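Colleague: Give me the fold of what follows.
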Amino acid sequence: MISTSGSIIVQVDNLKKYFPIRRGIFSRVIAYKRAVDDVSFVIHKRETFGLVGESGCGKTTVGRTILRLYEPTSGRIVFDGKDLLQQSPEDLRKLRRQMQMVFQDPYGSLNPRMTVRAIVEEPLLIHNAGSWRERRERVRQVLAEVGLGEDALDRYPHEFSGGQRQRISLARALVLEPDFLVLDEPLSALDVSIQAKIINLLVALRAKKNLSYLFISHDLSVVEYLSDRVAVMYLGQIVELASSAEIYRKPLHPYTQALLSAVPSIRPGERKQRIVLKGDVPSPSAPPPGCRFHPRCPIARAVCRNVEPQRLNLDGHEVTCHAVEKEFLGTGEY
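Modeller: Numbers count the residues shown, from 1 in each chain. Presented below is the predicted three-dimensional model:
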């Protein structure tokens, strides 16, 4: 794993993204879905930052909001020292060359009516980069980098397998030579054997091009292998954040412990004590008071139901839990 002591490429402070819920013939706003609710973290240069959690926890919304595909409700997003929310449209357009996204569905994110050549060349045309010959050469070069030959240039997405389509998506994201990639569950639609090849490709590309990744996934085994640090999200908030080695060795939050208990062991004969969470995830439009995890937490007490826990920093291991505060700091009402 790399050192995270280098300079910061992405800084997210108190990010919120609320989606209005409308009803009636006049489409009046009756409530808000709090998809992302006060999220803060940093990503260092040449680092892979993993973001994990159950479906609907807000991790994809975090990635899209960082890239301004969604406009944030409030908060601050700083990319390479520049506040993205304070940039003019022209300045933001220039910055978009440095940050790209690879989407979850490698087929749905590709235009079925365009050839691979046109798909990969499109970002260059949008940013008016290079001459006709330079663009064609760049397309060939980036396809080779992701493991596709020139025979792919004039074919259409439906002619490729899922893994090959994801390579095309990667080529499109890399053609502008960005510094930062948001990888939104890029492996979830692929077979396990294909996943391994894409994982190795991502590792090689990061080393070769000094890339930084925000890796969004629900597959905890893959996140452990790829990520330098990991943040665990629950109902729009980060409940635990630490180095990959630390969070998998000693998870502190009950939710993280439950997630990791469900990961199959690769060691013969080893049995884990499975932590089964009861109940359903509460609605993000009406999150419970206090700790948001308390309706499903096996160790919740009265303070958890009434008081929102503070984010603690225990030598770089950040966690939001009353029980942890009482155990490690001896403070709080737990």
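
Colleague: mind checking the longest helix of the protein?
Modeller: Secondary structure of the chain per DSSP state H: the longest helix is helix 192-209.

Colleague: Dump the helix or strand following that one to CSV, keeping only the CA atoms.
Modeller: Beyond helix 192-209 in the direction of the C-terminus, DSSP states H and E gives the next helix or strand as strand 212-216. Taking only C-alpha atoms (Å, rounded to 0.1, in the frame of the first residue of the first chain), the coordinates of strand 212-216 have been written out as CSV:
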residue,chain,number,x,y,z
SER,A,212,-6.0,8.5,-7.6
TYR,A,213,-9.2,6.5,-7.3
LEU,A,214,-12.5,6.8,-5.4
PHE,A,215,-13.5,3.1,-5.5
ILE,A,216,-17.2,2.6,-4.7
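
Colleague: low-confidence ranges in the stretch 51-200 of the chain?
Modeller: Applying pLDDT under 70 to the stretch 51-200 of the chain flags no residue at all.

Colleague: would you list every one of the helices in it?
Modeller: If DSSP state H, counting those that start in this stretch is used as the criterion, the helices of the stretch 51-200 of the chain fall at 59-66, 89-95, 116-126, 132-145, 162-174, 192-209.

Colleague: among the ones you listed, which is nearest residue 103?
Modeller: Judged by C-beta to C-beta, the one of the helices of the stretch 51-200 of the chain that comes nearest to residue 103 is helix 162-174, at 6.7 Å. To be clear about C-beta, it is placed using only N, CA and C from the backbone, and glycine gets the same treatment.

Colleague: What lies in contact with the closest one?
Modeller: With contact meaning C-beta atoms under 8 Å, 6 or more residues apart in numbering, helix 162-174 is reached by 100-103, 106-107, 109-110, 116, 119-120, 122-123, 139, 142-143, 145-148, 152, 157, 160, 181, 186-187, 189-191, 194, 197-198, 201-202, 205, 209.

Colleague: Would you mind listing the outside residues contacting stretch 129-149?
Modeller: In this structure, residues lying in contact with stretch 129-149 by C-beta under 8 Å, 6+ apart are 97, 116-117, 120-121, 123-125, 150, 152-153, 164, 167-168, 170-171, 174-176, 201, 205, 208.

Colleague: wait, doesn't residue 101 sit right on residue 68?
Modeller: No: using C-beta atoms under 8 Å, residue 101 makes no contact with residue 68, being 10.9 Å away.

Colleague: Neighbour count: those two, which is higher?
Modeller: Between residue 101 and residue 68, counting by other C-beta atoms under 10 Å, residue 101 is the more crowded of the two (22 against 17).

Colleague: What residues does the more buried one make contact with?
Modeller: When contacts are counted by C-beta under 8 Å, 6+ apart, residue 101 is found next to 63, 64, 67, 69, 173, 181, 182, 183, 184.

Colleague: What are the buried residues along the longest helix of the chain?
Modeller: Within helix 192-209, the residues that count as buried by 16 or more other C-beta atoms under 10 Å are 194, 195, 198, 199, 201, 202, 205, 206.

Colleague: again with stretch 146-165
Modeller: 146, 147, 148, 152, 153, 157, 160, 162, 163, 164, 165.

Colleague: Just the endpoints, please. Distance across that stretch?
Modeller: 11 Å (C-alpha to C-alpha, to the nearest Å).

Colleague: low-scoring stretches of the stretch 201-334 of the chain, by residue?
Modeller: Judged against pLDDT under 70, the low-scoring parts of the stretch 201-334 of the chain cover residues 265-271.

Colleague: for it, what spans make up the strands?
Modeller: When assigned using DSSP state E, counting those that start in this stretch, the strands of the stretch 201-334 of the chain occupy the ranges 212-216, 229-234, 237-243, 311-314, 317-320.

Colleague: could you flag which of the contacts of residue 101 are buried?
Modeller: When the contacts of residue 101 are checked for burial by 16+ other C-beta under 10 Å, the buried set is 63, 64, 67, 173, 181, 182, 183, 184.

Colleague: how close does the fifth one sit to residue 305?
Modeller: Looking back up the chat, that one is residue 181. Distance of residue 181 to residue 305, computed by C-beta to C-beta, to the nearest Å: 40 Å.

Colleague: what's near enough to touch residue 188?
Modeller: Under the criterion of C-beta under 8 Å, 6+ apart, the contact list for residue 188 reads 104, 217, 218, 219.

Colleague: mind redoing it with 6 Å?
Modeller: Counting by C-beta atoms under 6 Å, 6 or more residues apart in numbering, residue 188 touches residue 104.

Colleague: and if you look at residue 319?
Modeller: Residue 319 touches 240, 252, 253, 312, counting by C-beta under 6 Å, 6+ apart.
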